[in-house]
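Participant: This is a predicted model, with the sequence first.
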Amino acid sequence: MQVQFDPKFLRLNDVSLGDYLSRGGQQPVFTKNIQNDTGVAIVQLNRPPGSRGVGGSGTLVTLNFQAVARGTTVVMVPNLTVRSAKGAVVSKSTPQLTITVK
C-alpha cells in the first residue's frame, strides 16, 4: 500500500506491523519505506508463500504520525488492493482520513 500525506502538516514517524496477518503462527513479510520529505510511505505486507489465508477483522498496520503544523490535511491510501490467498482481488478502494491539527 502507498500512504500519502502532506509533510507540511504531518511527519510519519513509524509504521508498525499489526497482528492480523500473524494469525496461525505465520510471520508476515513486512517492509516499509517512509519518505517524509515527499509525504509518501510504501508498505508491503504479505503472508508467506504457501500459507493459508486469514479471515475476520484485525489490525494490518499502525501509522504513527507527529503533527508539525496547525491546519487541516488528508491522509490517503490510494488504490489499496486486498488480495486473497490465491492472488485474486478481494477489495480495491482509496480510503482517506481528514485530520485537523490544533
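Facilitator: Here it is on my side, so go on.
Participant: CA atoms for contacts and neighbours, from now on please.
Facilitator: Noted.
Participant: how far does stretch 82-96 sit from the chain's center?
Facilitator: Taking C-alpha atoms, centre = their mean, to the nearest Å, one finds the center of stretch 82-96 at 13 Å from the center of the full chain.
Participant: likewise stretch 80-90?
Facilitator: 15 Å.
Participant: Would you map the strands across this structure?
Facilitator: 2-4, 10-17, 29-35, 40-46, 61-67, 71-76, 80-83, 89-93, 96-101 (DSSP state E).
Participant: would you list these in a markdown table and tack on distance to R52?
Facilitator: Formatted as a markdown table, the strands of the chain follow (distance: least, C-alpha to C-alpha, whole Å):
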| stretch | distance to R52 |
| --- | --- |
| strand 2-4 | 25 |
| strand 10-17 | 19 |
| strand 29-35 | 14 |
| strand 40-46 | 11 |
| strand 61-67 | 20 |
| strand 71-76 | 29 |
| strand 80-83 | 13 |
| strand 89-93 | 15 |
| strand 96-101 | 29 |
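Participant: would you list these in a markdown table and tack on distance to G55, mean neighbour count and mean pLDDT?
Facilitator: Below are those laid out as a markdown table (distance: least, C-alpha to C-alpha, whole Å; neighbours: other C-alpha atoms under 10 Å; pLDDT from 0 to 100):
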| stretch | distance to G55 | mean neighbour count | mean pLDDT |
| --- | --- | --- | --- |
| strand 2-4 | 23 | 18 | 97 |
| strand 10-17 | 17 | 18 | 97 |
| strand 29-35 | 18 | 14 | 96 |
| strand 40-46 | 14 | 16 | 93 |
| strand 61-67 | 16 | 13 | 96 |
| strand 71-76 | 25 | 15 | 97 |
| strand 80-83 | 12 | 14 | 84 |
| strand 89-93 | 12 | 11 | 88 |
| strand 96-101 | 23 | 12 | 95 |
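Participant: And the pLDDT for G87?
Facilitator: Looking at G87, its pLDDT reads 78.
Participant: For it, which residues are in contact?
Facilitator: By C-alpha atoms under 8 Å, 6 or more residues apart in numbering, the contact list for G87 is empty.
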